[in-house]
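Enquirer: The sequence and its predicted three-dimensional model are supplied below.
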Amino acid sequence: MDVQLLAVSRLQFAITAAFHMIFPAITVGLSLFLVFLYGAYLRTNKEIYLTTYHFWRNIFAVGFGIGVVAGIVMTFEFGLNWAAYANAVGPIVGVIISMEVVTAFFLEAGVMGVLLYGEGRVSKPVMFLANCMVALGTLLSTTWILSANSWMQTPAGYTLVNGQFRPTDWIVAIFNPSFAYRFPHVLLGVLLSASFVMTGTAAWYLLKRQHLEFARLTISLGLGVMSLLIPLQLYMGDTVASEMGQFQAPKLLALEGNWDSTNTGYNVFIIPNQDEQRNIVQVSIPCLGSIILNRDFTCSKPVPGLKQVPPALQPPMVLVFYGFRLMFYISILIFFAVASSLLLRLRGRLYTARWFHRFMLILFPVGILAVIGGWITAETGRQPYVVYGKLTTTAAVSPLAPGVVVASLSAFIVVYLALLTLYIAYLVRAIRRGPGDTPLLSPARITQDRPTIVSAVDAS
């Protein structure tokens, strides 16, 4: 196996996956917020709910479109860069991914036009139903993707025939051992991610003292969701780590950051040397590792080390360790933000505490970063396997010339940077213009006898 080919093929897919995940991290959560906002407008007929709905619908629509395109690219990469993998898992993973297309994409395609351009042309209950169907589509998409990926983490319900994984029990394959833990963990993560995008935007308006009614509703809604979900997410994160420790012990060992089983502390920073099987630098909080992992408050049980695993079967510690730490440290920030918001709300200062608004503005992207950190932990922690314990990554890659992969990787980086720059520019422009200024349909034209569709670009 050409080491360079494997490295660039993995890097290409990692960049594609990380870029793609930015958008579901925003849009899946936003789709549920849109249901709430339009439902609140339908029930109360208050204009502020409709104004807020219009603003976030625009953000959702653009992110959804880019996310779909990036996801299609990943599908092509399965067949082109990882042909051996596609051939081996196609009878199971290919079918599950196809179910996402048949259920989620078809549902979303059928009603997305109503959501974007139906206002003023269909009744309010039909508009609400369209929002519900789009949200259902995003949830179905998340379900199928997590099922496929979880099967790769904990394969089940199959038999091997001539190097192919053939299904023997679809229920067991779809609802494989890790799916029940990973699905709610990821779903909570994208909801929290969308909440941070909303609260960061609202914090900007509060700091600028603009669109205050919109800002108060948005920040209150976002922080309320965070307050409800962060305890659940902390519990689910701990549960996922515990359960995956049973199925993928090397991943759990790598994220703890120890080589030898002598440390009872919790590592907060390390510089590992995988070749020498040691940490060049290691900073730990005494006793905490024993408490978290072993539930031992006497500090007598050390945290196991990665040396227990043969070097050839070890995942890359640096990626697993810091992918997990990115999630964990962000969860601490979220907990602090939620606790602060509750105190400020009780004191009647939630909408006037400028230090808190600056803090929430800084935290705007942390939910997305946490989602990406989670995927880094999951995917690098599964190494050296692409289907854990059954198919190695080296056996899954296509036998391409490394130069060809490098060329396509370079092109992807340029295109993705351009798309990401354009999306960020759109977000900044939309936020500066403010809510109510750039609806996908011009309100003045909706009232005409023959309304005309106006795109977001035309409306700007």
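Expert: Received it, and whenever you're ready, just let me know what you need.
Enquirer: The nearest residue to Thr264 once chain neighbours are set aside: neighbour count?
Expert: Among residues not flanking Thr264 along the chain, Ser290 sits closest, at 4.1 Å (CB to CB, 6 or more residues apart in numbering). Glycine gets a C-beta too; all of them are placed from N, C-alpha and C. The criterion is other CB atoms under 10 Å. On that basis, Ser290 has 21 neighbouring residues.
Enquirer: Pull the residues that contact the one helix or strand Ser290 maps to.
Expert: If you go by DSSP states H and E, Ser290 is part of helix 288-294. Residues outside helix 288-294 that contact it (CB atoms under 8 Å, 6 or more residues apart in numbering) are 256, 258, 263-267, 296-303.
Enquirer: Swap in 10 Å and give it another go.
Expert: Residues outside helix 288-294 that contact it (CB atoms under 10 Å, 6 or more residues apart in numbering) are 238, 241-242, 245, 252, 256-258, 263-268, 285, 296-304.
Enquirer: In the chain, where is pLDDT below threshold?
Expert: Counting by pLDDT under 70, the chain has low-confidence residues at 1, 436-460.
Enquirer: per-domain residue ranges of it.
Expert: Domain ranges of the chain: 3-257+305-459, 258-304, per automatic domain parsing.
Enquirer: where does the lengthiest helix in the chain sit relative to the chain's centre, distance-wise?
Expert: Using DSSP state H, we find that the single longest helix of the chain is helix 212-247. Chain-centre distance of helix 212-247: 13 Å, with CA atoms, centre = their mean, to the nearest Å.
Enquirer: on that earlier part again, now list the buried members of the contacts of helix 288-294.
Expert: By neighbour count, with 16 or more other CB atoms under 10 Å, these hold 241, 245, 252, 256-258, 263-267, 302-304 as buried.
Enquirer: when you check the residues you listed against the strands, which ones overlap?
Expert: Counted as lying in strands by DSSP state E, out of these, are 266-267.
Enquirer: export the buried ones among the contacts of helix 288-294 to JSON lines and tack on distance to Asp2?
Expert: Output for the buried ones among the contacts of helix 288-294, formatted as JSON lines (distance: CB to CB, whole Å):
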{"residue": "Ala241", "distance to Asp2": "35"}
{"residue": "Gly245", "distance to Asp2": "34"}
{"residue": "Leu252", "distance to Asp2": "31"}
{"residue": "Glu256", "distance to Asp2": "33"}
{"residue": "Gly257", "distance to Asp2": "31"}
{"residue": "Asn258", "distance to Asp2": "33"}
{"residue": "Asn263", "distance to Asp2": "37"}
{"residue": "Thr264", "distance to Asp2": "43"}
{"residue": "Gly265", "distance to Asp2": "40"}
{"residue": "Tyr266", "distance to Asp2": "39"}
{"residue": "Asn267", "distance to Asp2": "34"}
{"residue": "Pro302", "distance to Asp2": "40"}
{"residue": "Val303", "distance to Asp2": "37"}
{"residue": "Pro304", "distance to Asp2": "34"}
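Enquirer: So Pro177 belongs to a strand, correct?
Expert: No. Under DSSP: H, G, I helix; E, B strand; the rest coil, Pro177 sits outside any strand and is assigned coil.
Enquirer: Hmm, it is touching Ser150, no?
Expert: Yes. In this structure, Pro177 is within contact of Ser150 by CB atoms under 10 Å, at 8.0 Å.
Enquirer: how about the nearest residue to Gly94 once chain neighbours are set aside, what does it touch?
Expert: Spatially, and ignoring its direct neighbours in sequence, Gly94 is nearest to Ala86 (7.3 Å; CB to CB, 6+ apart). Contacts for Ala86 (CB under 10 Å, 6+ apart) come out as 75, 77-80, 93-94, 396, 398.
Enquirer: which one of these sits closest to Cys132?
Expert: Thr75 (27.0 Å; CB to CB).
Enquirer: secondary structure element for the closest one?
Expert: helix 47-80.
Enquirer: Okay, buried residues for the helix or strand following that helix please.
Expert: Sequence order places helix 83-89 as the next helix or strand after helix 47-80, per DSSP H and E. In terms of neighbour count (16+ other CB under 10 Å), helix 83-89 has its buried residues at 84-86, 88-89.
Enquirer: His357 contacts Thr201, doesn't it?
Expert: No. Between His357 and Thr201 there is no contact under CB under 10 Å: 11.1 Å.
Enquirer: got any residues that touch both of the two?
Expert: Joint contacts of His357 and Thr201 (CB under 10 Å, 6+ apart) are 215, 219.
Enquirer: of the two, who's got more company?
Expert: Thr201 (26 against 23).
Enquirer: just to revisit the earlier point, ok, and for the longest helix of the chain, which residues are buried?
Expert: So helix 212-247, judged by 16+ other CB under 10 Å, has buried residues 214-223, 225-227, 229-230, 233-234, 236-237, 240-241, 243-245, 247.
Enquirer: Surely Leu400 touches Leu409?
Expert: No. Here Leu400 lies out of contact with Leu409, judged by CB under 10 Å, at a distance of 11.4 Å.
Enquirer: So for these two, which residues contact both of them?
Expert: Common neighbours of Leu400 and Leu409 (criterion: CB under 10 Å, 6+ apart): 8-9, 81.
Enquirer: distance between stretch 9-26 and the chain's centre?
Expert: 10 Å.
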